[in-house]
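# I'll drop the sequence and a predicted model, then ask my questions.
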Amino acid sequence: MSYARLMVHLELGKSNAALLTVAGDLAERSHASLVGIAAAQPLVATPYAGAFISGEAIELDRAEIEREAKVAQSEFQTILSGRVADLEWRCMETTALLSDYLASEARSVDVIVTAPDRGGGLLPDTRRTSVGDLVMRAGRPVIIVPTHATGLKPERALVAWKDCREARRAALDALPLLEISGHVTVVEVARKEDEAAARRRLTDVADWLKRHGILAEILVSPATGDDVAALSTLARAERADVIVAGAYGHSRLREWTFGGMTADLLLNPACCVLLSR
């Protein structure tokens, strides 16, 4: 099993070099084709309440979107040409939420590669998408690449287990990534009274992975009341290159759960993270 087609989401108006390097690494390792995608909302689609937006301002904004799109496409081609044989570029102005547009375009790919969520601001942002919304809507796994990344050589993978559908979905979606990882650890954070049950669950998961040709160690980590800190400590101890986790949440209006882990991985990942819903 391998990823056959990847999508890398570029944010307009900034360099996406680290993101493109990681996407290129994964495409090469998977012998996959790669779609580069960018999107922006034209200014007319996001008026500020009570403010007048002149026609001149709208035209200047459209010209800036066109300029930024050309720069992003050039960076995409420059970094990936010669590395990935099958490249495709897509860019769109849309009045829809950017996460909705990107999710709809993900119908033809196996996985989406994107940068961390920078969080919302007080004013509308026509270039950025909510990565949390994208994870919830895409129906595809999303790999989040930290801004300091220099590439992806997934020698060590950490699977954050919780006995629920999101974690099962994430582990299944991550199989191609786990197959190319040299060392896989499946970990569950559990209270002392639940440690024996957690170990049985992890043994089942490791047996399932073995049937797919993936050897995995299991690790039960004692709960300390802060699952985010526990996972971060484990990831550092295991020298993880990639973390696999389920995305736990139900809507934009509800707080991300699992001890805030999903939100932390969206905003400030220490390494590449595959999230699936």
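Structure's in. What do you need?
# which SSE is immediately downstream of the helix or strand of the chain with the lowest mean pLDDT?
Taking mean pLDDT, DSSP states H and E as the measure, the helix or strand of the chain with the lowest value is helix 261-267, at a mean of 63. Using DSSP states H and E, the helix or strand that directly follows helix 261-267 along the chain is strand 272-276.
# now that following strand, how far from the centre of its chain.
5 Å (Cα atoms, centre = their mean, to the nearest Å).
# same deal with stretch 230-238?
Relative to its chain's centre, stretch 230-238 lies at 19 Å (Cα atoms, centre = their mean).
# contacts for that stretch, please.
For stretch 230-238, contacts defined as Cβ atoms under 8 Å, 6 or more residues apart in numbering pick out 156, 158, 160, 185, 187, 189, 219, 221, 223-224, 240, 243, 245, 261, 264, 270-271. Backbone N, C-alpha and C define where each C-beta goes, glycine included.
# please redo it, this time with the cut-off set to 7 Å
With Cβ atoms under 7 Å, 6 or more residues apart in numbering as the test, stretch 230-238 has contacts from 156, 158, 160, 185, 187, 189, 221, 224, 243, 261, 270-271.
# in the stretch 51-200 of the chain, which spans are strands?
87-93, 111-114, 142-144, 156-160, 183-190 (DSSP state E, counting those that start in this stretch).
# list the buried ones in the longest helix anywhere in the chain?
Taking DSSP state H as the criterion, the chain has its longest helix at helix 55-80. Residues 61, 64-65, 68-69, 71-73, 75-76, 79-80 are the ones in helix 55-80 that count as buried (16 or more other Cβ atoms under 10 Å).
# tabulate those residues (TSV), appending distance to Tyr3 and pLDDT.
Below are the buried residues of helix 55-80 laid out as TSV (distance: Cβ to Cβ, whole Å; pLDDT from 0 to 100):
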residue	distance to Tyr3	pLDDT
Asp61	36	85
Glu64	34	91
Ile65	30	92
Glu68	28	95
Ala69	26	95
Val71	27	97
Ala72	22	97
Gln73	23	97
Glu75	22	98
Phe76	18	97
Ile79	19	96
Leu80	15	97
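# just the closest of those residues to Met1, please.
Leu80 (23.4 Å; Cβ to Cβ).
# nearest residue to the closest one other than its sequence neighbours?
Leaving aside its chain neighbours, Leu80 sits nearest to Gly24 (5.1 Å; criterion: Cβ to Cβ, 6 or more residues apart in numbering).
# isn't there a helix covering that neighbour?
Yes - judged by DSSP: H, G, I helix; E, B strand; the rest coil, Gly24 forms part of a helix.
# before we move on, back to that, next one: the longest helix of the chain to chain centre, how far?
24 Å.
# packing partners for it?
helix 17-30, strand 33-40, strand 87-93 (3 or more Cβ pairs under 7 Å, 6 or more residues apart in numbering; DSSP states H and E).
# picking that back up, show me which of the buried residues of helix 55-80 is closest to Leu20.
Nearest to Leu20 among these, with distances taken as Cβ to Cβ, is Ile79, at 4.4 Å.
# so that closest one makes contact with Gly24?
Yes - using Cβ atoms under 7 Å, Ile79 is in contact with Gly24, at 6.5 Å.
# Leu6 and Glu75, how far apart?
Distance, Leu6 to Glu75, by Cβ to Cβ, to the nearest Å: 17 Å.
# who are the neighbours in contact with Arg29?
Arg29 neighbours (Cβ under 7 Å, 6+ apart): Ile180.
# now it: how far from Ser54?
49 Å.
# pLDDT weak spots in this protein?
44-52, 119-124, 249-268 (pLDDT under 70).
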